[in-house]
Every structure is written in C-alpha cells, then in structure tokens.
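J.: build me a model:
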Amino acid sequence: MADIAEVRSQVVPAVHGRRESKPDPDFEIGLAGHLRARYGGDGLVDLYGRFATGDGELDQLMRRVLWRALSRRFGQGVAIGSGACFKHAETFEIGNGVFIGPQSNLQGRLGGTCVIGEHAWIGPQSYLDARNLVIEEYVGWGPGAKVLGSSHTGLPVDVPIVQTDLEIAPVRIEAWADVGTGAVILPGVTVGRASIVGAGAVVTGDVPAFAVVAGAPARFLRWRVGHTPPGSDGSTG
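T.: Predicted structure coming up:
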C-alpha cells in the first residue's frame, strides 16, 4: 500500500459537463401529461412522496416524471436525486441535462420564477430560495451551497423582525460560473459569467465575470488564469 504522503493529486476528465442529453422516451413524457391531467398539482405533490427517497430505477423515473408534470418547463435527460424536495414547482423552468443532487431543496414562490439552465449541476444538500432565481447553463453549484432570495426589512423596529415585510431581490448566476461547497449567495447578487466563488464564501455583492472571490464577506482575489479584462489595471472597478 502506497504511503499517504506519496499520493498526489490527479486531473481526470469531467463527466457531467461533457455528457450529452439523450431524449427522454415518449412514454415518460406521455405519463407526465396523463398524471398532470388526472391528479392536478396537489395530487402530484402527494404522489411524489411515494418516490422521493428511493434509489431504484422506478423511483428515479417517477421523480423525473412528476417534476415534469409539475414544472412550467422541463428538459430532456434531467436527473433528480433521492430526497430532493421542492415548493411551488409550477414556477420551475429546468433545462436539458440538469442534475439536482440528493436532499437538495428548491423553494419556489407563488408567482415567482426559478430558471435552471442546461447542464447545470446542483450539488447534494443544496438550498435554493428560488423566488426570483436564474441559474444559467453549465453552472456548477457545490454541495451544501445556498442562495437566499429575500430578507426582512426590519422596519418598523418596534415589532419582531420576523413580522416585518419581506423584500424579494433577484439573484442571477451567469453561465459557466462555479459556486463552491457551502457558499452562500445573498439576495440581489449577480455572480458573473465563468467566475469562481470559493468554498464557504458569503457573497454580499456582485461578482465580476471571470473573477475569483472567496471569504466572508467574499473579496476579489484575482482574475482567472488566461483572462485579462480590456484596459484592466488589476482592480475590479
């Protein structure tokens, strides 16, 4: 057995980001339509409970069928992990090839919008406050990372904060960005294209495209290797 100290890091090919989306079989799409017509929204949610946590082939199929039946739009080749849960799935628009990891929680809002672009990867135990959320294509969302889409105003000060109005602010994660394990994205933030948010970061303001940020609160560290913004002097502006 090799000494642990001798083990070196390895670079291996990506899997999810390079996988092509195969069309779902016609019977699956037809079953989703049939169940939608027969059960309606509340009935579909109740039915989902039967298949939410299993790892068998039928459980995986039925999770996909029921999310399709409930969602505003649902792409081809989507994978829904065991224990993934949701609220107001009728606001979801999910692209082709999306992976939603086990025990993830997507909390939509009546009348809201939740868009997850093609080939996005949502890691296990993620929490998405999806009241007004857009995650664009090929985004990597680390396990346990969270996005918050609203906060209490805290006004007036003579009542409990939990009783004050909620301010909902849109959050956008632009294409190709990578959000690290356990990071937190706060309301109103845009994470720029192809940027990297470090593990455990707390992002309170917009992240420039191709930037690397980390920390709590998140701070600009550097531009990604190979990218120099036109006219850049090394600052974020």
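J.: who touches the longest strand seen in the chain?
T.: Looking across the chain with DSSP state E, the single longest strand is strand 105-116. Counting by Cβ atoms under 8 Å, 6 or more residues apart in numbering, strand 105-116 makes contact with 84-95, 98, 100, 122, 126-135, 149, 168, all of which sit outside it. The C-beta positions use only the backbone N, C-alpha and C, and glycine is treated the same way.
J.: that strand: which residues count as buried?
T.: The neighbour-count check on strand 105-116 (16 or more other Cβ atoms under 10 Å) flags 105-109, 112-116 as buried.
J.: ok, stretch 50-60 next?
T.: Quick answer for stretch 50-60 (16+ other Cβ under 10 Å): 51-52, 59-60.
J.: quick one: end-to-end distance for that stretch.
T.: This stretch, stretch 50-60, spans 11 Å end to end (Cα to Cα, to the nearest Å).
J.: check stretch 150-160 too.
T.: End-to-end span of stretch 150-160 (Cα to Cα): 17 Å.
J.: got the contact list for it?
T.: By Cβ under 8 Å, 6+ apart, stretch 150-160 touches 129, 131, 161-162, 164-169, 186-187.
J.: what ranges in the protein fall below the confidence cut-off?
T.: Scanning the chain with the threshold set as pLDDT under 70 gives 1-7, 230-237.
J.: following the lengthiest helix in the chain, which helix or strand comes up?
T.: Ordering each helix of the chain by length in residues (DSSP state H) puts helix 26-48 first. As assigned by DSSP states H and E, the chain's next helix or strand after helix 26-48 is helix 57-70.
J.: that next one: which residues count as buried?
T.: Buried-residue list, helix 57-70, by 16+ other Cβ under 10 Å: 59-70.
J.: adding distance to residue 11, write these out as TSV.
T.: TSV is the format used below for the buried residues of helix 57-70 (distance: Cβ to Cβ, whole Å):
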residue	distance to residue 11
59	34
60	30
61	34
62	37
63	33
64	32
65	37
66	38
67	34
68	36
69	41
70	39
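J.: good, wrapping up.
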